[in-house]
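J.: could you look at this predicted model? Sequence included:
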Amino acid sequence: MYAIVEIAGQQFKVTQDQYLYTHRLGDEVGADVKFDKVMLVDNDGNITIGAPVIAGASVSGKILEHLKGDKVIVFKKKRRKGYKKKNGHRQALTKVHISGINI
């Protein structure tokens, strides 16, 4: 059984007992979260598609930790002009354990 759910503006394919990294969520560590924007559910070949979401369906999970992703280096240069800019970015992430899919 899997579901396609929208979390923090992105769509994820989730299954039960899966660990998921999403953009930083506002809840604290250890909090139970419930995602209501379920767009598709596959229950052993029985597929339910929402228009745009399935009424009454939800995905429950638990926030395990807040962390930062790997550093991405942004380097800009214009040749023969002496222009160089080096910048870095680390995305703020949240690790979520998917505990169940409710139809």
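T.: Nice, thanks for sending it over.

J.: tell me which residue lies nearest the centroid of this protein.
T.: For the chain, residue 22 is the residue whose C-alpha lies nearest the centre (CA atoms, centre = their mean; 3.1 Å).

J.: how much space between the residue in the chain sticking out farthest from the centre and residue 86?
T.: Distance from the centre of the chain peaks at residue 80, with 42.2 Å (CA atoms, centre = their mean). From residue 80 over to residue 86 the distance is 18 Å, taken as CB to CB, to the nearest Å. Quick note: C-beta positions are derived from backbone N, CA and C, even for glycine.

J.: remind me which residues of the chain are low pLDDT?
T.: Regions of the chain meeting the criterion pLDDT under 70 are absent.

J.: quick one: the strands in it?
T.: 2-7, 10-15, 18-23, 32-35, 38-43, 46-49, 58-78, 83-102 (DSSP state E).

J.: can I assume residue 49 is in contact with residue 40?
T.: Yes - Residue 49 is within contact range of residue 40, at 5.4 Å (criterion: CB atoms under 8 Å).

J.: neighbour-wise, which of the two wins?
T.: The neighbour count for residue 49 versus residue 40, taken as other CB atoms under 10 Å, is higher for residue 40 (17 against 11).

J.: contact partners for the more buried one?
T.: 3, 4, 47, 48, 49, 50, 54 (CB atoms under 8 Å, 6 or more residues apart in numbering).

J.: can you do 6 Å?
T.: 4, 49 (CB atoms under 6 Å, 6 or more residues apart in numbering).

J.: who's it bridged to?
T.: Beta-bridge partners recorded for residue 40 (DSSP bridges): residue 4, residue 49.

J.: got it, and residue 13?
T.: Beta-bridge partners, per DSSP bridges, of residue 13: residue 4.

J.: before we move on, what about residue 86?
T.: Beta bridges link residue 86 to residue 75, judged by DSSP bridges.

J.: from residue 76, how far off is it?
T.: To residue 76, residue 86 is 8 Å away according to CB to CB.

J.: and for residue 94?
T.: Per CB to CB, residue 94 is found 30 Å from residue 76.

J.: ok, the two, which is more surrounded?
T.: Shown here are residue 94 and residue 76; by other CB under 10 Å, residue 94 has more neighbours (21 against 9).
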